[in-house]
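Visitor: sequence and computational prediction follow.
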Amino acid sequence: MATPVETRSDSGTVLHLHDTFSRNLLPVTPMDGRELRFYCCGPTVYGPAHIGNFRTFVMQDVFRRTVEALGISTRHVRNITNVDDKTIRQSISEGQSLEEFCNQWTEKFHHDCAALNVLPPHVEPGAVGHIPEQIALIERLMQKGHAYQGGDGSVYFRIDSFPAYGALSRLQERSITTTSALADEYERDSAADFALWKAWRKEDGPNFWPSPWGDGRPGWHIECSAMAMKHLGESFDLHGGGIDLVFPHHENEIAQSEAATGQRFARHWFHVAHLLVEGQKMSKSLGNLYTLEDVLARGYTAEDLRYALIAGHYRQPLNFTWDNVSAASKSLARLRRFREKIGAPGSLNHDVFLPVMEALADDLNTPEALGRLFSITKEISAAMEAGQLDESARAQASAGFARVMAALGFELQGPIEDPVPAEIQTLAEKRWQARLAKDWAGSDRLREELAAAGWVMRDGRDGYTLSPADKP
């Protein structure tokens, strides 16, 4: 018998994505008609990336997977920032060379990306490896009158020379303030001008490179422009990053790139909103600057975190809570049970899961996509139990499910059985907080409650694990 769920074809489905520059939903298509070329600002490797960083990287991964699932080839470039104030100061304070210091944190970033099933970019340039390209770009700006050498030897971009400055962030609706983010604390003609090349200072130690303007190092903004144009061309399809990069970083990238080339830098700008933790901004002082290791230490998986990070729409701030991670774990268990039930995939002539792909194609609406996913799996499960799904329909449904899992980046490698119940997870978290507060009596009482419910909580240095009492 045929499936009672409507079968549909996905021919002609095109991803429409919000463009920060125009504030409109625009179709995402390759300008050359063959390959979508896009650049994502990567990590500054001076420590472990936190879950706020990974919200951006995971959503960029869903973007790429969706584009590819819709049949478009991609060229994904994501940089590594391995020379800036933070990497230099931290490497010196730890007594390491800049290269050794940055390599260890780059390796950690790659490890965490792999755990979260984030696809590696096709090209991953490092700023240090592209010093000649950055110098060449600065020379072009100097020749065209868009840059000048300040009294301290540093080179600055002259914002007044680029009338379109501020269009991305709607700067004309605000006023430019004199901040270190704009000024970089170097001598310049205008408070708003930003550094392209920073003259060597003693606090930089051995970290400098020769240039036509003397020893020094590139500014942060010029790094991304030079690397993007090196690997994608002077004009490409899309540029992405966290919402915090709109100003000044991406605004400055546009100015210096378009001033040098006379071409539009990126056709589309894709930004991911902030992550909050329990309704608050992440900070070390609040103790809520969580990393992947912190999530794993509480007994969750990297896939649980991935689900929690895509459960909200990328353009809205996402409130991270441990209850949400627990709910994500339960949802993934349901998906594993469905995959076990539906069996091996077959050909995909008609995709019953097309509504999920359509939600993703509508501005990467992941919450809507997940809602549709569970509605469809429920319908298919009911049809199977009623004997209303023939083998061909079952195999096609399985193929559609596999396609959606690939687009969302879920491998479903965990156990089929239910994860830790939410009420048990809540008790464990309360006990952990009591332990951190040195409320030993409260901690012991909550441990007894967990034991009475059949769960064992084992404390570690940075977290805890939970397991049923009848399991090791």
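Guide: Good, I have the coordinates.
Visitor: pretty sure Lys430 contacts Leu446?
Guide: Yes - contact criterion CB atoms under 8 Å: Lys430 and Leu446 qualify, at 5.7 Å. The C-beta positions use only the backbone N, C-alpha and C, and glycine is treated the same way.
Visitor: between these two, tell me which one has more neighbours.
Guide: Taking other CB atoms under 10 Å, Lys430 and Leu446 do not tie; Leu446 has more neighbours (21 against 15).
Visitor: quick check: closest non-adjacent residue to the residue nearest the centre of the chain.
Guide: Central residue of the chain (CA atoms, centre = their mean): Phe57, 1.5 Å from the mean position. With sequence-adjacent residues excluded and distances taken as CB to CB, 6 or more residues apart in numbering, Phe57 is closest to Val118, at 5.6 Å.
Visitor: what are the ranges of the helices in the stretch 351-472 of the chain?
Guide: Using DSSP state H, counting those that start in this stretch, the helices of the stretch 351-472 of the chain run over residues 354-361, 366-385, 391-408, 422-436, 440-452.
Visitor: those: lowest mean pLDDT?
Guide: Looking over those, mean pLDDT reaches its minimum on helix 422-436, with a mean of 86.
Visitor: got the CA positions of it in CSV?
Guide: Extracted C-alpha coordinates of helix 422-436, given in CSV (Å, rounded to 0.1, in the frame of the first residue of the first chain):
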residue,chain,number,x,y,z
ALA,A,422,14.7,15.9,32.8
GLU,A,423,13.7,15.7,36.5
ILE,A,424,16.9,13.7,37.3
GLN,A,425,19.0,16.1,35.3
THR,A,426,17.5,19.0,37.2
LEU,A,427,18.2,17.3,40.6
ALA,A,428,21.8,16.6,39.5
GLU,A,429,22.3,20.2,38.4
LYS,A,430,21.0,21.5,41.7
ARG,A,431,23.3,19.1,43.6
TRP,A,432,26.3,20.3,41.5
GLN,A,433,25.5,23.9,42.3
ALA,A,434,25.1,23.1,46.0
ARG,A,435,28.6,21.4,45.8
LEU,A,436,30.1,24.5,44.1
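Visitor: and that helix, what does it pack onto?
Guide: Under the contact definition 3 or more CB pairs under 8 Å, 6 or more residues apart in numbering; DSSP states H and E, helix 422-436 sits against helix 322-342, helix 440-452, strand 455-459, strand 464-468.
Visitor: deepest of the ones you listed, which one?
Guide: helix 322-342 (a mean of 19; mean count of other CB atoms under 10 Å).
Visitor: and the contacts of it?
Guide: By CB atoms under 8 Å, 6 or more residues apart in numbering, the residues outside helix 322-342 that reach it are 295, 298, 300-301, 303-305, 307-308, 311, 370, 373-374, 377, 380-381, 384, 394, 397-398, 401, 405, 410, 412, 414-420, 422, 425-426, 429.
Visitor: now with 7 Å, please.
Guide: 295, 298, 300, 303-305, 307-308, 311, 377, 380-381, 384, 394, 397-398, 401, 410, 412, 414, 416, 418-420, 422, 425-426, 429 (CB atoms under 7 Å, 6 or more residues apart in numbering).
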